[in-house]
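> Have a look at this fold, sequence not included:
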């Protein structure tokens with residue numbers, strides 16, 4: 001078996017994936033090439049590594065002419081340092097400088113002003129929290145809520161882990177005082193809780209900036225032939241599950257309604273592991289008329305996988321092995337083919353690369369959970385108790401059940417995909433032999 005060179009292999013894989021996703025590609029392109037009047041929201045879903053980002057980048061690359069009339073903005077969950085910071089995420093989405101615009105010009109001055117004021121007042125409230133009589137843990141948790149933009153919200157306060165009733169009341173009182181004080185600082189006419197006011201003020205500033213840029217046509221894309229500049233907006237929110245704890249209420253209650261009332265056309269892509277409406281029914285209840293038919297990506301079937309591997313000069317016997325190992329899951333298929341063509345099969349470097357690629361969309365906590373879960377033959381609340389504190393078990397079980405990128409979809413029980421488990425355990429044995437043996441012992445205990 002003589003495999004194609006690495007560069008040819010990548011071309012074959014990308015070309016084949018594009019043809020296999022042709023219907024999804026067409027649906028997303030139509031939203032750009034023939035946008036509806038007003039606001040259109042499309043949910044693109046599938047487990048991590050299924051090819052969502054690649055598909056959407058391909059749409060952008062193949063729709064260059066249609067995109068000349070669009071201002072394109074994107075926020076994703078790749079930066080874990082800013083994932084819990086409302087100001088940082090909004091600032092990423094509405095960046096001060098744009099490729100489409102004039103060099104050195106801030107196209108979102110109103111938005112930047114609101115975020116700057118929010119940060120200043122947030123810092124002052126955090127100082128108050130630091131001087132309060134709350135425990136160190138409660139101060140940390142409360143400050144985290146403030147950073148996320150959750151102000152004076154009783155359901156958030158009551159939901160804080162390990163926060164007793166007395167401290168919950170103290171936090172509530174602190175937020176009530178802080179919210180009133182901050183409301184006076186931020187706006188003279190505020191009658192709403194600051195959290196709602198923050199979201200509304202931010203959305204209002206964003207729409208004001210967008211109207212300046214789009215309606216008045218002051219943004220000019222390079223080599224743009226039309227005279228009216230950019231007149232439409234494309235917003236891509238990537239890795240929604242990572243962003244939703246901070247941005248979901250802002251999107252549902254403030255930004256989406258504000259954009260829906262605008263006079264320019266808006267296309268919003270929201271990509272994540274779950275269908276948007278399945279994750280939160282409020283999307284359907286509040287914004288049903290703006291939702292487009294969902295796009296759901298799935299693994300390749302056996303015939304498709306074999307056809308792809310044949311183009312790479314993989315013989316039938318090996319192709320059968322690769323399909324059984326990957327079940328047509330694009331990321332796993334790509335990683336194994338790369339190992340074969342690069343001659344890295346079984347190497348320590350390949351083990352590390354496999355681990356990093358399969359965990360790149362996980363948080364630090366999820367990486368730790370994932371690593372330990374791989375030691376279990378079956379994943380349930382009883383077996384998880386061997387490797388995790390009792391209070392963490394329900395949350396980890398729920399996370400695993402909703403993580404199809406690592407869970408075997410064909411197994412009768414909840415188990416890790418065999419290929420993933422084999423590769424991760426190999427990497428852990430190489431990286432930390434003593435801990436590897438200890439986790440093996442604990443996982444096997446009854």
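Perfect, I can see it now. What you see is a predicted model, and the numbers here were worked out from it, not measured in a lab. Numbers count the residues shown, from 1 in each chain.

> can you give me the strands in the chain?
When assigned using DSSP state E, the strands of the chain occupy the ranges 39-45, 70-75, 232-238, 265-272, 295-296.

> In the stretch 151-300 of the chain, where is pLDDT below threshold?
Per-residue confidence of the stretch 151-300 of the chain (counting by pLDDT under 70) places the weak regions at 151-196, 215-230.

> And the helices in it, which stretches?
Assignment of helices within the stretch 151-300 of the chain using DSSP state H, counting those that start in this stretch yields the ranges 154-158, 165-186, 194-210, 240-250, 256-260, 276-279, 282-287.

> Residue 212 is nearest to which of the strands of the chain?
When those are compared by C-beta to C-beta, strand 70-75 sits nearest residue 212, at 11.4 Å. Quick note: C-beta positions are derived from backbone N, CA and C, even for glycine.

> okay if I get the strands of the chain as a markdown table plus distance to residue 415?
Formatted as a markdown table, the entries for those read as follows, by distance: least, C-beta to C-beta, whole Å:
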| stretch | distance to residue 415 |
| --- | --- |
| strand 39-45 | 23 |
| strand 70-75 | 34 |
| strand 232-238 | 29 |
| strand 265-272 | 24 |
| strand 295-296 | 23 |
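
> Output the ones you listed in a markdown table, with mean neighbour count appended to each entry.
Formatted as a markdown table, the entries for these read as follows, by neighbours: other C-beta atoms under 10 Å:
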| stretch | mean neighbour count |
| --- | --- |
| strand 39-45 | 22 |
| strand 70-75 | 20 |
| strand 232-238 | 21 |
| strand 265-272 | 23 |
| strand 295-296 | 18 |
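
> quick one: which of those is nearest residue 373?
Taking C-beta to C-beta as the criterion, residue 373 comes closest to strand 265-272 out of those, the separation being 21.3 Å.

> From the contact counts, what lies against the closest one?
Taking 3 or more C-beta pairs under 8 Å, 6 or more residues apart in numbering; DSSP states H and E as the contact definition, the neighbouring helices and strands of strand 265-272 are helix 22-33, strand 39-45, helix 52-62, strand 232-238, helix 240-250, helix 256-260.

> quick one, that strand and helix 52-62 angle?
Between the axis of strand 265-272 and that of helix 52-62 there is an angle of 150 degrees, by axes from the mean of the first three to the mean of the last three C-alpha atoms, to 10 degrees.

> quick one: strand 265-272 to chain centroid distance?
Taking C-alpha atoms, centre = their mean, to the nearest Å, one finds the center of strand 265-272 at 13 Å from the center of the full chain.

> Near residue 206, how many other residues are there?
Here the count is done by other C-beta atoms under 10 Å, and residue 206 has 22 residues near it.

> Which residue lies closest in space to it, excluding its sequence neighbours?
Spatial nearest neighbour of residue 206, excluding adjacent residues (C-beta to C-beta, 6 or more residues apart in numbering): residue 111 at 5.1 Å.

> So the one you found versus residue 91, what's the distance?
As judged by C-beta to C-beta, to the nearest Å, residue 111 and residue 91 stand 8 Å apart.

> ok, those two, which is more surrounded?
Set side by side, residue 111 and residue 91 show unequal neighbour counts under other C-beta under 10 Å, the larger going to residue 111 at 26 against 19.

> Next up, the contacts around that one.
Contact criterion C-beta atoms under 8 Å, 6 or more residues apart in numbering gives 90, 94, 202, 205, 206, 209 as the residues in contact with residue 111.

> what's the burial count for residue 368?
Around residue 368 there are 14 other residues, counting by other C-beta under 10 Å.

> do the same with residue 382
Applying other C-beta under 10 Å, we find 11 residues neighbouring residue 382.

> So for it, what's the pLDDT?
We note a pLDDT of 95 for residue 382 in this prediction.

> how does the protein divide up, domain by domain?
Domains of the chain are assigned by automatic domain parsing as 22-107+219-296, 302-444.

> Redo those as a markdown table? Include distance to residue 128.
Written out in a markdown table, the entries for the domains of the chain read as follows (distance: least, C-beta to C-beta, whole Å):
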| stretch | distance to residue 128 |
| --- | --- |
| domain 22-107+219-296 | 18 |
| domain 302-444 | 29 |
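
> Least reliable of these by average pLDDT, please.
Comparing the domains of the chain on mean pLDDT, the least confident stretch is domain 22-107+219-296, scoring a mean of 81.

> for that one, how far is the first residue from the last?
End-to-end distance of domain 22-107+219-296 (C-alpha to C-alpha, to the nearest Å): 13 Å.

> my guess is residue 372 meets residue 387, correct?
Yes: in this structure, residue 372 is within contact of residue 387 by C-beta atoms under 8 Å, at 4.6 Å.

> overlap in contacts of these two?
Looking at what touches both residue 372 and residue 387 (by C-beta under 8 Å, 6+ apart), the common residues are residue 439.

> mind listing what residue 432 touches?
Applying C-beta under 8 Å, 6+ apart, no residues contact residue 432.

> what's around the nearest residue to residue 421 once chain neighbours are set aside, how many residues?
Nearest non-adjacent residue to residue 421, counting by C-beta to C-beta, 6+ apart: residue 374, 4.9 Å away. Neighbours of residue 374 under the rule other C-beta under 10 Å: 22.

> Could you do residue 298 as well?
14.

> Now do the closest residue in space to it that isn't next to it in sequence against residue 92, distance only.
Ranked by C-beta to C-beta, 6+ apart and with sequence neighbours excluded, the top spatial neighbour of residue 298 is residue 46, at 6.8 Å. When C-beta to C-beta is applied, the distance between residue 46 and residue 92 equals 23 Å.
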